[in-house]
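Q: no FASTA, just this:
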């Protein structure tokens, strides 16, 4: 899947912290999992629209 996180935004959010290069891959995987779970919940509720409550 595509990169779902913007490295510059992550670095801005973690200002003052160093970010290891493998952190971005791990974060991308976490975001991917969250999105897949949200889509599954929406589908289980017969919706095509993913909503905040699916998180």
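A: Cool, got the structure. If you're wondering where the values come from, they're calculated on a predicted model, not measured in any experiment. Numbers count the residues shown, from 1 in each chain.

Q: So, low pLDDT: which residues of the chain?
A: 1 (pLDDT under 70).

Q: hmm, who's touching the top helix by length along the chain?
A: Taking residue count as the measure and DSSP state H as the definition, the longest helix of the chain comes out as helix 21-44. Counting contacts by Cβ atoms under 8 Å, 6 or more residues apart in numbering, the residues outside helix 21-44 that touch it are 1, 3-5, 7, 10, 48-51, 54-55. Bear in mind the C-beta positions are built from the backbone N, C-alpha and C, glycine included.

Q: go again using 7 Å as the cut-off
A: Contacting residues not belonging to helix 21-44 are listed as 1, 3-5, 7, 10, 49-51, 54-55 [Cβ atoms under 7 Å, 6 or more residues apart in numbering].

Q: List buried members of those by neighbour count.
A: The neighbour-count criterion (16 or more other Cβ atoms under 10 Å) marks residue 54 among the contacts of helix 21-44 as buried.

Q: Any chance of CSV for the contacts of helix 21-44, columns secondary structure?
A: Formatted as CSV, the entries for those read as follows, by DSSP: H, G, I helix; E, B strand; the rest coil:
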residue, secondary structure
1, coil
3, coil
4, coil
5, coil
7, helix
10, helix
49, coil
50, coil
51, coil
54, helix
55, coil
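
Q: No more questions from me, cheers.
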